[in-house]
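**Student:** sequence first, then the predicted structure:
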Amino acid sequence: MTHPGGRVLVVDQLADIDPLRAIEVGRFERARDASHERLLSDSDIRSLLDTNGLVVTRNEVTREQRDLERYLDLAAVPEVDRSRVRALAPAPVFEVDVGWYVARKPGR
């Protein structure tokens, strides 16, 4: 929550626009990180901000290349689980879209 005139920054990987691909990537992300719930699409994030009275003032979507082994290290995936997670991965090196949103609470 922010006060009127306050700003919020949201940075997150975006869900694929293809629903089947989004499901596959979600399955991989949950295997990699048990705390992961789901990826949101650009329109989902915008709707969430709008529903909470925030107006997007800046937005950018960037492509990010990810090395699978480094990504697994980042989440501290145990070696015993890595084979199962690798089997769900898009590729040894893959690209994702990352959304950057600056939103402002109207007022003041």
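**Tutor:** Nice, I can see it. Quick caveat, the model's predicted, so the values are computed rather than measured.

**Student:** for the rest of this, base every contact and every neighbour count on C-alpha atoms.
**Tutor:** Fine.

**Student:** residue closest to the middle of this structure?
**Tutor:** Gln13 (2.4 Å; Cα atoms, centre = their mean).

**Student:** grab the nearest non-local neighbour of that one.
**Tutor:** Distances taken as Cα to Cα, 6 or more residues apart in numbering place Val98 nearest to Gln13, at 4.2 Å, with adjacent residues excluded.

**Student:** distance of that neighbour from Thr2?
**Tutor:** Taken as Cα to Cα, to the nearest Å, the spacing of Val98 relative to Thr2 amounts to 23 Å.

**Student:** more neighbours, those two?
**Tutor:** Using other Cα atoms under 10 Å as the criterion, Val98 and Thr2 rank with Val98 on top: 17 against 12.

**Student:** ok, that one touching Val11?
**Tutor:** Yes: between Val98 and Val11 a contact is recorded at 6.9 Å, counting by Cα atoms under 8 Å.

**Student:** for the residue nearest to the centre of the chain, helix, strand, or coil?
**Tutor:** For Gln13, the assignment made with DSSP: H, G, I helix; E, B strand; the rest coil gives strand.

**Student:** and for the one 3 residues further on?
**Tutor:** The local conformation at Asp16, judged by three-state DSSP, is coil.

**Student:** which stretches of this protein form helices?
**Tutor:** Secondary structure of the chain, counting by DSSP state H: helices at 19-32, 42-51, 68-74, 79-88.

**Student:** which residues touch the residue nearest to the centre of the chain?
**Tutor:** Taking Cα atoms under 8 Å, 6 or more residues apart in numbering, we find Gln13 in contact with Leu39, Leu40, Val96, Asp97, Val98, Gly99.

**Student:** how about the residues you listed, which pair is most distant?
**Tutor:** The largest separation in the contacts of Gln13, counting by Cα to Cα, is between Leu40 and Val96 at 12.6 Å.

**Student:** re earlier: out of the helices of the chain, which comes closest to Gly6?
**Tutor:** helix 42-51 (13.1 Å).
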